[in-house]
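Enquirer: Take this sequence and fold it.
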Amino acid sequence: MQNKNKTVIKSMDLLTLFLTHPKLSFNEMIKVSGMPKTSVHRMLGSLEDMGFLDKDEDGKYSLGLLFLQYGQLVADRLDIRQIALPYMKFLRDEMGEAVNLTIRDQHEAMYIEKVDTTQPVRLYTAIGRKSPLYAGACSRVLLAFLPEDELEQYLQDVELRAIGSGTITDQEKLRKVLKETQRNGYTISNSELEDYTTSIAAPIFNHKREVVAGISVAGPNVRFQAETIPVIIDKVKEVAEKISVKLGYDNKKE
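Expert: The predicted structure follows:
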């Protein structure tokens, strides 16, 4: 830590607040961040001057337009996002629910693309949001298909903490679900990241047969009925395979 610039780290902590809060006032940032008032005031001035934050007429801060430029650069360089997006739109139109795309970021999954449902009641997921690999279908499907040694190391290191009422916090149960995911090629989560939600996810593989992303259909659990779940499973797996083939995956190879 002594080799890292503490001001930069604190500034990043401040910017990270906006991943889950569209707008925040000065006092709200102090309350949520737990940082001293003087530190927040000093960093806000610099971040606003550099274009990382904008302040509206009500004194509320939000991420600046500069992030659109950076975000577009990152998005353009994520080939998987460009390849997957048309299939995600197709899946949304077929199922009527939100579709998410995740990639692994060390011990977490990051949402890199989403297509919202057209229905009025929807599940909100922000691009850039992260979640533990063990929680939620679109995260856990990445974990399940990691190489065995990486998977085992993760399971030994991770502390399973509850996020939603359905989060798996038992090690043996998690291992069982991961085995089922490997065997079936998909996974389902219920209220794991957010209560009263359901998600069904399948893995996306590259030409080396490595898992590189997860794709899911997600929404309020009342819209995931027993008769529709098998249809959603088939569609998610079908779309995941089509994206995998586009990435060079040979689905005919044993």
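Enquirer: Nearest residue to residue 158 in space, ignoring adjacent ones along the chain?
Expert: Nearest non-adjacent residue to residue 158, counting by CB to CB, 6 or more residues apart in numbering: residue 134, 6.2 Å away. C-betas here are computed from N, CA, C, even on glycine.
Enquirer: Contacts only, for the one you found.
Expert: 140, 143, 158, 160, 168, 174 (CB atoms under 8 Å, 6 or more residues apart in numbering).
Enquirer: Just give me the closest of these to residue 189.
Expert: Of all the contacts of residue 134, residue 189 sits closest to residue 140, with 6.9 Å by CB to CB.
Enquirer: From residue 117, how far out is residue 137?
Expert: 16 Å (CB to CB, to the nearest Å).
Enquirer: brain fart, residue 186
Expert: For residue 186, the distance to residue 117 - CB to CB - is 20 Å.
Enquirer: From the geometric centre of this structure, which residue sits farthest away?
Expert: If you look at how far each residue of the chain sits from its centre, by CA atoms, centre = their mean, the farthest one is residue 38, at 33.2 Å.
Enquirer: quick revisit: so between residue 137 and residue 117, which is more surrounded?
Expert: More crowded of residue 137 and residue 117, by other CB atoms under 10 Å: residue 137, with 27 against 19.
Enquirer: Which pLDDT value belongs to the more buried one?
Expert: With respect to pLDDT, residue 137 scores 95.
Enquirer: Over to residue 233?
Expert: Looking at residue 233, its pLDDT is 96.
Enquirer: so what's residue 240 up against?
Expert: Here residue 240 is in contact with 202, 203, 204, 215 (criterion: CB under 8 Å, 6+ apart).
Enquirer: Next, the buried residues of the helix or strand where the second one lies.
Expert: Under the criterion DSSP states H and E, the helix or strand holding residue 203 is strand 197-205. Neighbour-count burial for strand 197-205, with 16 or more other CB atoms under 10 Å as criterion, is recorded at 197, 198, 199, 200, 201, 202, 203, 204, 205.
Enquirer: For the second one, which residues count as its bridge partners?
Expert: Just to be clear, that refers to residue 198. Beta bridges link residue 198 to residue 190, residue 219 when assigned by DSSP bridges.
Enquirer: Can you report the mean pLDDT over the residues of stretch 189-199?
Expert: Mean per-residue pLDDT for stretch 189-199: 93.
Enquirer: swap in stretch 237-254?
Expert: Mean per-residue pLDDT for stretch 237-254: 85.
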